[in-house]
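*Asks:* here you go, sequence then predicted model.
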Amino acid sequence: MSRRFAGRTALVTGAARGIGLAIAEELAAQGADIALHARKATAETALLAAQVAACHGVRVAIVAGDLADPEQHEAIFAAFDRRFDRLDILINNAGYEGPARLETMPLADWNGVLDVNLTAPFRVSQLAQPRMAASGGGVIVNISSIHEEVPRKGFAHYSVAKAGLRMLTRSCALEWAEFGIRAVTVSPGAIETDINRDVIEEIGRGTFDEWIPLGIGTTNDVAKLVAFICSDDARYMTGTEVYLDGGYMRNLVRYDGRPDR
């Protein structure tokens with residue numbers, strides 16, 4: 001495999017599992033040193049970092065912190081700076097959702113989802129900017145969702161946060177191009193992870209095949225796309241969003257929006 005990211009460093013938030021871990025491993029496989037963000041540093045995350053480092057021959061470190069707590073954002077970067085001397089790639093992947101009907105949604109639920117899905121990417125990007133500028137530029141990829149465009153009953157706070165994240169991407173691209181920084185949103189559809197596998201089985205894979213022309217995607221699908229966006233092959237791509245949804249957004253048969261699905 002090409003080592004096109006050799007000499008570069010990536011910070012991936014929410015990298016302990018799922019899409020974030022797949023992205024981190026793909027970037028590591030292509031030569032990037034990796035800062036794996038997790039909410040807490042544990043024996044399990046330490047083992048994970050060691051495994052990624054041994055498998056791909058790169059430096060890997062855990063940078064822990066709760067993104068819902070603004071006071072921990074700078075601590076995450078302090079941990080990053082102790083291990084790495086440059087930042088070239090930022091993947092804002094960490095996310096959070098919890099169903100609540102719009103008319104009865106507690107303000108705490110609204111704020112909690114926006115804190116993790118929108119405010120944290122803003123602040124993390126803001127802290128990343130001077131480090132990327134010092135390295136001669138970089139790439140920010142914000143992992144959003146098709147629900148930035150298609151609302152889902154019971155998840156208004158999540159959809160609003162992701163729609164805001166799309167505009168954050170565009171704003172970063174506009175204001176930071178002068179520093180050599182690109183920003184792109186990747187908006188996945190139905191991607192199978194260990195977190196949602198039970199829900200997929202409950203609904204039925206055949207149902208997803210009816211909704212989505214290409215069926216359910218994999219975390220590797222997302223990781224491969226993100227790696228391309230971060231590469232010099234995508235040097236002229238910025239300020240846009242890429243939907244990775246198997247054709248769902250252009251399909252006439254749509255998910256029915258039941259709040260328990």
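*Replies:* Cool, the structure landed. Keep in mind the model is a prediction, meaning the values are calculated, not measured. Numbers count the residues shown, from 1 in each chain.
*Asks:* hey, let's count contacts and neighbours off CA atoms from now on
*Replies:* Fine.
*Asks:* just the residues contacting stretch 116-136, thanks.
*Replies:* By CA atoms under 8 Å, 6 or more residues apart in numbering, the residues outside stretch 116-136 that reach it are 67-68, 70, 73-74, 77, 86-90, 92, 94-96, 138, 140, 142, 158, 161-162, 164-165, 168, 179-181.
*Asks:* residues of that stretch that come out buried?
*Replies:* For stretch 116-136, the buried set under the neighbour-count rule, 16 or more other CA atoms under 10 Å, comprises 116-122, 124-125, 128-129, 131-133, 135.
*Asks:* let me see the ranges of the helices in the stretch 51-200 of the chain.
*Replies:* 73-83, 107-114, 120-134, 156-176, 197-203 (DSSP state H, counting those that start in this stretch).
*Asks:* switch the ones you listed over to a markdown table; also include distance to G31 and mean pLDDT.
*Replies:* As requested, the helices of the stretch 51-200 of the chain are arranged in a markdown table below (distance: least, CA to CA, whole Å; pLDDT from 0 to 100):
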| stretch | distance to G31 | mean pLDDT |
| --- | --- | --- |
| helix 73-83 | 17 | 97 |
| helix 107-114 | 33 | 96 |
| helix 120-134 | 18 | 98 |
| helix 156-176 | 25 | 97 |
| helix 197-203 | 30 | 76 |
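*Asks:* for those helices, which one ends up most surrounded?
*Replies:* helix 156-176 (a mean of 21; mean count of other CA atoms under 10 Å).
*Asks:* list of residues touching that one?
*Replies:* 96-97, 101-102, 110, 113-114, 117-118, 121-122, 141-142, 144-145, 147-152, 181-185, 238-241.
*Asks:* ok, now stretch 222-232?
*Replies:* 4-5, 19, 22-24, 26-27, 89, 139-141, 184, 186, 188, 234-235, 237, 244.
*Asks:* read off the pLDDT value for the nearest residue to A41 once chain neighbours are set aside.
*Replies:* Using CA to CA, 6 or more residues apart in numbering and skipping residues adjacent in sequence, the residue nearest A41 is A64, 5.5 Å away. A64 is assigned a pLDDT of 97 by the prediction.
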